[in-house]
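Participant: 3D model of this:
(2 chains)
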Amino acid sequence: MTRKKRRLYFVILGLLAVGAAAALVLSALRQDIVFFFSPTEIMEAKVPTEGRRIRLGGLVEQGSVVKDGATVRFKVTDGANALPVVYEGLLPDLFREGQGVVTEGRMGQGVFVASEVLAKHDENYMPKEVAESLKKSGHWQGEHPEQVQK
Amino acid sequence: MHRFANPARFLRIAAIIQPWAMAVAALSFAAGLWFSLFASPADYQQGETVRIMYIHVPSAWMGMFCYTAMAVFSAMGLIWKHPLADLMARATAPVGAAFTFICLVTGSLWGKPMWGTWWVWDARLTSMLILFFLYLGYMALADAFDDPERGQKAAGILALVGVVNVPVIKWSVDWWNTLHQPASVVKMGGPAIDATMMVPLILMAVAFKAYWILVLIFRTRSEIAGAKLRTLRMAQVHAAGQAE
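Facilitator: Here you go, the predicted structure:
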């Protein structure tokens, strides 16, 4: 085996080892790398919520937003379960019913008390006219069908 | 591949490519800016803010592309001891670092109005920040030794180790839930971006790549000149030492 070959195998072996190490570390830290938990995970107590700041993510349930002064109440749903959220403060521009959100706060008595609400948008980019015609022809696949009609 | 490792041949080929790269960079950047700012529609959801994408996304691609190129060059330098490969890895680093920085800054400026925050520690944003630090580490390490060859070797190993971060960046939005949305362009089932918005995106990506080729030529050429100068100076010192 020439020295070049030996170095080549050494580099390939090294890359495989580093890749395997990274994969093991990342899969071990799986729970810590996720940015938010779903309503189902929190309601089924799959994550410790006691006295801890956590993030709850999902879609704002249709028809659930109730504004009372600076206080907003809404439900975050993942399709299976919906968790009521109460929040006091400014909402991001993209916040609306059917929109993805990530809220940070603590679990109260069956209510998630949020101190921060972030909007999460999807990966679709298109002009308004295209969104409208997709909606009209029934090919719309986005998360929030209602807002196109505005 | 080995044929191109010869510096004289590199300089000849570079002289041919240079004007073309310059033309492609200038034309596609001008056209890309025109399409980004004027001749593309506003997004149905994000409105005019979507135009940040035409800088942000191609910069992010460049950050990952340059790092991959740097790792490949470093591997060639380490395995086959091509001096030119090391020079090209060194030449690519600041370009990648600059584009990664642009990506982070524009992403932050975009995140504030859309998400409601400048920064979050989700998997995509964090892995991109790590990429930026890898570039800084590479450049610092490459220059940390009096003997450039030793610095190159250490930095090359760092570049190769850090390459695991590139797939992590790409698929971070699929492996973990993040605030950052999933991939729009390179994904299963084709792009989720309207064709009118793909035009400026692709033009800007082409412009950035051509710019990289141009900088690669300039920097590698000056590195070759620098190496020649060092050899000449060494020879002079050596000759002076023998004359005494």
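Participant: what distance separates the start and the end of stretch A:113-130?
Facilitator: 38 Å (CA to CA, to the nearest Å).
Participant: name the helices or strands packed onto the helix or strand hosting residue A:42?
Facilitator: Taking DSSP states H and E as the definition, residue A:42 sits inside helix A:39-43. Taking 3 or more CB pairs under 8 Å, 6 or more residues apart in numbering or on different chains; DSSP states H and E as contact, the helices and strands that helix A:39-43 lies on are strand A:54-60, strand A:82-88. C-beta: built from backbone N, CA, C; applies to glycine.
Participant: Make sure residue A:91 is indeed in a strand.
Facilitator: No - with DSSP: H, G, I helix; E, B strand; the rest coil as the criterion, residue A:91 is coil rather than part of a strand.
Participant: helix/strand/coil for the closest residue to it other than its chain neighbours?
Facilitator: Excluding the flanking residues, the one nearest residue A:91 by CB to CB, 6 or more residues apart in numbering or on different chains is residue A:117, at 5.7 Å. Three-state assignment for residue A:117 (three-state DSSP): strand.
Participant: Chain B: helices as residue ranges?
Facilitator: Taking DSSP state H to define them, one finds helices in chain B at B:7-37, B:53-80, B:83-114, B:123-142, B:148-162, B:165-175, B:195-243.
Participant: nope, chain A is what I meant
Facilitator: In chain A, helices defined by DSSP H lie at A:3-28, A:30-33, A:39-43, A:128-137, listed in chain order.
Participant: Dump those to TSV, plus mean pLDDT and mean neighbour count.
Facilitator: Formatted as TSV, the entries for the helices of chain A read as follows, by pLDDT from 0 to 100; neighbours: other CB atoms under 10 Å in any protein chain shown:
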stretch	mean pLDDT	mean neighbour count
helix A:3-28	90	12
helix A:30-33	79	12
helix A:39-43	87	19
helix A:128-137	80	15
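Participant: Pipe those into a markdown table and attach distance to residue B:32 per row.
Facilitator: Listed next are the helices of chain A as a markdown table, based on distance: least, CB to CB, whole Å:
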| stretch | distance to residue B:32 |
| --- | --- |
| helix A:3-28 | 35 |
| helix A:30-33 | 35 |
| helix A:39-43 | 42 |
| helix A:128-137 | 21 |
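Participant: Residue ranges in chain B under the pLDDT threshold?
Facilitator: Low-confidence segments of chain B, defined by pLDDT under 70, are located at B:1-5, B:244.
Participant: Tell me how chain A divides into domains.
Facilitator: A:1-33, A:34-120 (automatic domain parsing).
Participant: Okay, and the beta partners of the residue nearest to residue A:115 when sequence neighbours are not counted?
Facilitator: In space, residue A:115 comes closest to residue A:105 once its chain neighbours are excluded; the distance is 4.8 Å by CB to CB, 6+ apart. Note on residue A:105: beta-bridge partners by DSSP bridges are residue A:54, residue A:114.
Participant: count of residues packed around residue A:105?
Facilitator: Here the neighbour count serves as a burial measure; for residue A:105 (other CB atoms under 10 Å in any protein chain shown) it reads 19.
Participant: check contacts around it.
Facilitator: When contacts are counted by CB atoms under 8 Å, 6 or more residues apart in numbering or on different chains, residue A:105 touches A:53, A:54, A:56, A:85, A:87, A:112, A:113, A:114, A:115, A:116.
Participant: Alright, that wraps it up for me.
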